[in-house]
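[1] structure of the sequence below:
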Amino acid sequence: MNYLVCIFLFFFVSSACGQTANIRSFIPKDYDTLYGGLVKGDLNKDGIDDAVLALYHKVEEQDAEKIDTDSIPPRLLIILLGTAKGYVQSATSSEVLLCKHCGGVFGDPFSGITIEKNVLTISHYGGSSWRWSIDDKFRFQNNEWYLIGETKYSYWDVEHCDTLDEFAGTDYEDINFVTGQYEIKKISEDCKLLENKKGKKPVRPLKSLTQFSIEN
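    Here you go, the predicted model:
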């Protein structure tokens with residue numbers, strides 16, 4: 001994250017935290033909501049709908065051939081907790097959403113955000129003949145946002161393994177960081193099952209949203 005972005009986020013978070021207002025007031029200047037980038041649901045189990053915003057900078061709307069894509073300001077995730085008087089900002093991150101040009105041939109990899117059973121899931125999808133997807137799950141607990149689960153899946157779309165009912169080159173891993181429960185499946189490009197198991201890994205301290213980067 002460059003220096004100007006850090007300064008921007010510092011002042012944005014400082015000014016927004018503690019305020020109650022409508023959703024629009026939390027969107028920074030020159031940012032807008034991604035398609036499918038606004039969801040509502042109860043995240044902190046208080047019976048009041050909260051809101052999550054996935055935002056892009058309007059520079060993205062320009063022709064990619066006319067701009068330096070590496071200089072586009074990062075996308076932002078903003079989590080708002082609902083109150084009887086409006087919303088209050090709970091968290092923000094510029095490290096959770098992939099860039100518009102990070103999806104390969106498929107283009108924009110942002111696939112959506114959902115709230116289910118008090119859990120926030122952020123989904124990405126991309127690739128070409130090799131497809132991939134990432135689902136990251138966050139939950140609010142102990143007054144902080146933590147990564148509680150992750151599913152990564154990649155495969156070769158050109159070849160389907162009928163006997164395994166999976167695509168060639170499948171590399172699938174799903175893990176629950178709270179319980180340590182995991183599932184792994186790996187298939188070679190010539191449709192040989194390399195690994196297929198479920199188990200439990202040692203439980204480690206959860207990673208907070210502020211520590212999380214989707215590139216890591």
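
[2] wouldn't residue 193 be in contact with residue 163 here?
    No. Look at residue 193 against residue 163 with CB atoms under 8 Å: they stay out of range, at 9.1 Å. For the C-beta atoms, the positions are set from N, CA and C on the backbone; glycine is no exception.

[3] which one of these two has more residues nearby?
    residue 193 (14 against 7; other CB atoms under 10 Å).

[4] next up, the contacts around the more buried one.
    Contacts for residue 193 (CB atoms under 8 Å, 6 or more residues apart in numbering) come out as 164, 186-187.

[5] redo that, cut-off 7 Å
    164, 187 (CB atoms under 7 Å, 6 or more residues apart in numbering).

[6] distance check, it against residue 76.
    Distance, residue 193 to residue 76, using CB to CB, to the nearest Å: 41 Å.

[7] what is the most centrally placed residue in the chain paired to in the beta sheet?
    The centre of the chain sits closest to residue 122, judged by CA atoms, centre = their mean, with a distance of 3.3 Å. Note on residue 122: beta-bridge partners by DSSP bridges are residue 113, residue 136.

[8] what about stretch 78-86, average pLDDT?
    Mean per-residue pLDDT for stretch 78-86: 94.

[9] what about the closest residue to residue 74 other than its chain neighbours, how many neighbours?
    Closest residue to residue 74 apart from its sequence neighbours, by CB to CB, 6 or more residues apart in numbering: residue 94 at 4.0 Å. For residue 94, the neighbour count with other CB under 10 Å is 17.

[10] now do residue 165
    There are 7 residues near residue 165, going by other CB under 10 Å.

[11] list the contacts for it?
    Under the criterion of CB under 7 Å, 6+ apart, residue 165 has no neighbours.

[12] same thing with the one 3 residues further on?
    Applying CB under 7 Å, 6+ apart, we find residue 168 in contact with 156, 159, 161, 187, 189, 191.

[13] okay, and for this structure, where does confidence drop off?
    Residue ranges of the chain with pLDDT under 70: 1-20, 216.

[14] again, only this time at 90
    Residues of the chain meeting the criterion pLDDT under 90: 1-22, 61-72, 84, 101, 103-107, 215-216.

[15] roughly how far does the residue of it most remote from its centre sit from residue 142?
    In terms of distance from the mean C-alpha position of the chain, residue 163 ranks first, at 33.1 Å (CA atoms, centre = their mean). Separation of residue 163 from residue 142 (CB to CB): 47 Å.

[16] cool, and residue 169?
    Distance of residue 169 to residue 142, computed by CB to CB: 40 Å.

[17] tell me which of these two has more neighbours.
    The neighbour count for residue 169 versus residue 142, taken as other CB under 10 Å, is higher for residue 169 (21 against 8).

[18] state the distance from that one to residue 104.
    15 Å.

[19] and what of residue 144?
    Counting by CB to CB, the gap from residue 144 to residue 104 is 33 Å.

[20] do residue 74 as well
    Using CB to CB, residue 74 is found at 19 Å from residue 104.

[21] who has more neighbours, those two?
    Taking other CB under 10 Å, residue 74 and residue 104 do not tie; residue 74 has more neighbours (20 against 14).
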